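Peer 1: pasting the sequence and the predicted coordinates here, then a few questions.
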Amino acid sequence: QVQLVESGGGLVQPGGSLRLSCAASGFTFSSYYMSWFRQGPGKAREFVAGISWSGHSTLYADSVKGRFTISRDNAKNTEYLQMNSLKPEDTAVYYCAAGIVTNTADPSKYHYWGQGTQVTVSS
């Protein structure tokens, strides 16, 4: 049974940091391209960041470049998203996703999705 379980969300003040985790099971994690997406209130789901199976290649949305860092630990079947300098517009439900197609921001190309974790940036 495939599972992607996100954790680490919460309420943080503008300028603060959070680290999200996504624990994977039920598939060969190290063979999949992993990404983070987010969906804010009343908005479409949007790509945030992606990472190759080896961890050597990453891709970021322009809105988070320089502030967020995606990483993975294949030995622990876990991917991470370090979020710094958070802004109110980063408020959203964050989802991890796994797919075979690399370097894609198209959510339809991803096979597996987590249930999401809420991130709220507010003073």
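Peer 2: Nice, I can see it.

Peer 1: in the sheet, who's paired with the residue most central in space within the chain?
Peer 2: Centre of the chain computed as the mean C-alpha position; nearest residue by C-alpha atoms, centre = their mean is residue 36, 2.3 Å away. Note on residue 36: beta-bridge partners residue 49, residue 96, judged by DSSP bridges.

Peer 1: who touches it in this structure?
Peer 2: 20, 22, 48-50, 70, 79, 81, 94-97 (C-beta atoms under 8 Å, 6 or more residues apart in numbering). From N, CA and C alone the C-beta is placed, and that goes for glycine too.

Peer 1: and what of residue 84?
Peer 2: Contacts for residue 84 (C-beta under 8 Å, 6+ apart) come out as 17, 67-69.

Peer 1: not counting sequence-adjacent ones, nearest residue to residue 78?
Peer 2: Leaving aside its sequence neighbours, residue 78 sits nearest to residue 23 (C-beta to C-beta, 6 or more residues apart in numbering; 5.2 Å).

Peer 1: what subset of the contacts of residue 84 is buried?
Peer 2: Buried members of the contacts of residue 84, counted by 16 or more other C-beta atoms under 10 Å: 68-69.

Peer 1: could you dump the contacts of residue 84 to a markdown table with pLDDT and secondary structure?
Peer 2: Converted to a markdown table, the contacts of residue 84 look like this (pLDDT from 0 to 100; DSSP: H, G, I helix; E, B strand; the rest coil):
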| residue | pLDDT | secondary structure |
| --- | --- | --- |
| 17 | 98 | coil |
| 67 | 98 | coil |
| 68 | 98 | strand |
| 69 | 98 | strand |
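
Peer 1: how close does the residue nearest to residue 26 when sequence neighbours are not counted get to residue 38?
Peer 2: Once flanking residues are discounted, residue 26 sits nearest to residue 2: 3.9 Å by C-beta to C-beta, 6+ apart. As judged by C-beta to C-beta, to the nearest Å, residue 2 and residue 38 stand 21 Å apart.

Peer 1: residue 4 now?
Peer 2: Distance, residue 4 to residue 38, using C-beta to C-beta: 15 Å.

Peer 1: give me the pLDDT for residue 41.
Peer 2: Residue 41 carries a pLDDT value of 89.
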